[in-house]
Structure formats: structure tokens, C-alpha cells
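Q: quick one, what's the 3D model for this:
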Amino acid sequence: MKFRALMTDTSVMKDFMNVATSLSKFSKECVMRITTRKVYFIISEEDNGPRRPLAWCELPVSFYFKEYNVVGVNEEYNEIYLEFSTALLARSVSLLKQSVKSLKIKLTNKDSPCLTLEMELASGNIESRQCVHDIPVEVISRKHWNDYEEPRFNDFHVSIEMPNLKTIKTIVERMRNMSHSLIVSATKDGRLTLQIKTNIVTLSAHFPDLSIESFAIGQLQLTPDSQNEEDSQRVHSIVDIKKFLMFMSGMQLNNCHTLCSIVHGKMVKLFMEQPGALSLQIFLTQLSI
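A: Numbers count the residues shown, from 1 in each chain. Below you'll find the predicted structure:
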């Protein structure tokens, strides 16, 4: 197996640093899936049961890399899966805050497999300076690749545009001080509601007039005891408020398209996309209250 990639564009390297920093906020460990067209970062739920996806991030090769070469396990499966510490990756690329000419990423073997980052620093001197970071990795064997397949859901009852993420973040951070769970709901007329309920207080934030990408409740009886038509057409799920905030605190990029998709009573998917540059999905399963 071989992997080598080169970045030379300053803004692209800063975007990559932002991705790595965000991943370190999501989890201590991640899996990097390297293919010929995209690089994926996959984070699973930290539990002892079957692996469930928490975050799925895609970076197109054509946007990030000037040079790129991957030789996978064989011709049929021309991919590489690596598991490593997100904190080490974030710490290594933090150097990109400085003036850096290039970033080279390689799969190396230095007593054990490593993801090696070589950064050429801009210098006023004739001789350039180079900084090298080796991140220990575990190469995941082919038989375990199915544990990291992209989640695909076609049964969302609603997909709704999200308002400004900074506004949501401010509101939900205050809600977090009062509750560990968040009720996320949407109606077919484009109203997104974020709500907490405790023994002391019920607090709701409403965002009306949002674009609806899809709304298909079928024969599902959402709230049969509702008092009005709007409640009877409301889709909701209860999720971990800290995990919801991870998305808000993640990759704050310009010109992003963001969506919230809900399977009633089961899960919420948060989706962020900067067309041609990045996509991020967060999968939040329903809490057992």
C-alpha cells in the first residue's frame, strides 16, 4: 500500500486545518478512508455495541491536492483505511496557521505504520525549513471495511433548511445548561423548533419560513392526541444536546448549505455542504428517555 498527497494552496491548507481541528472536537479517534477520488474521515459512536456512525466527512481530491497517488490493498479494492488520534492530527496541522509553502501527507513505515506530515515553512532565508510530524496509525484490514460503510437513509420524514448556525449555537449552548436532551422538530410549513423540557421549565426556539426539501409522513400517525392541525403534522426526535452542539461548533465555512433531516422518533441527521469542497454529516440517534 502506498499513499502520497501534496497541498500547495494556502487557503486550501487552512481549510484542511479547520477540518482536522473540528474532528478533534468530535472524537478522540477517527478513521481515514483514502480512495482515488475522495478522502473520508469517519467517526463512530463511542460505545461497546455494533459500530454506529456519528460523523461522516468527505473531501474531494481535486479540490485539496495538487499531487495525489494511492495504491490500495489490490486492484479491485484500491483503498486504504487508517485509524489514528484526531488530537495528534489537529496538533500537527496547527502549524498551518503560520506561513507554509506546502503540506505533504504520506503513509510511511517507521518501526510501525505512520501518517507522516511534511510542512515546508516559508522563510526569508535562501534555505527552506521543513517540519515533520509522524502520527501512528492502525491499518484496518479489508475484512473490517464494512464497519465503516457510508450510512444511507431514505426514510426521513422531513428535510428542512437550517438557519444561521451561529444563532442556533448561541441558543443551544444556553439550553445545554438546563438539559442534556434536545427536542428537534419541524413542520411541513417550514418551521424548525428546538426545545428543552425539564421539571422546572419548557424552553423553545422557533425558526419559521424555512425551505422544505422534502416532507413525506405517509400513513405515520405523528401525534394522535394533538389539539391542532400544525401539531398533527410535526415531525420530531429527541437527541443528545452535546452531540448536536458538536455540529454547530464544527466547520464554520462560508457559503455552506445546511439541512436538518428527521426520522420521527428515531434520529436526526445534520448535513453541511460547501459544494465542491466539503460535506459533513452528523447522525444523532433518538435518546432513550
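Q: what separates Gly265 from Met7, distance-wise?
A: Applying Cβ to Cβ, to the nearest Å, one obtains 43 Å for the distance of Gly265 from Met7. Placement of C-beta: from N, CA and C, glycine included.
Q: between the two, which is the more surrounded one?
A: The neighbour comparison of Gly265 against Met7 (other Cβ atoms under 10 Å) goes to Met7, with 21 against 13.
Q: is Met7 in a bridge, and if so with what?
A: The residues paired with Met7 through beta bridges, assigned by DSSP bridges, are Leu103.
Q: now stretch 94-102: mean pLDDT?
A: Stretch 94-102 shows a mean pLDDT of 90 in the predicted model.
Q: before we move on, what about stretch 194-205?
A: Average pLDDT, stretch 194-205: 94.
Q: return the set of buried residues in it.
A: Along stretch 194-205, these residues count as buried under the neighbour rule (16 or more other Cβ atoms under 10 Å): 194-197, 205.
Q: before we move on, what about stretch 27-38?
A: For stretch 27-38, burial by neighbour count (16+ other Cβ under 10 Å) applies to 27, 30-35, 38.
Q: show me the two of those that sit farthest apart.
A: The widest separation within these, taken as Cβ to Cβ, falls between Ser27 and Thr35 and amounts to 21.3 Å.
Q: got the contact list for the residue nearest to His236 when sequence neighbours are not counted?
A: Counting by Cβ to Cβ, 6 or more residues apart in numbering, His236 lies nearest to Ser185, which is 3.4 Å off, once chain neighbours are set aside. Shown in contact with Ser185 (Cβ atoms under 8 Å, 6 or more residues apart in numbering): 192-193, 195, 234-237, 262.
Q: repeat that with 7 Å
A: The neighbourhood of Ser185, defined by Cβ atoms under 7 Å, 6 or more residues apart in numbering, consists of 193, 234-236.
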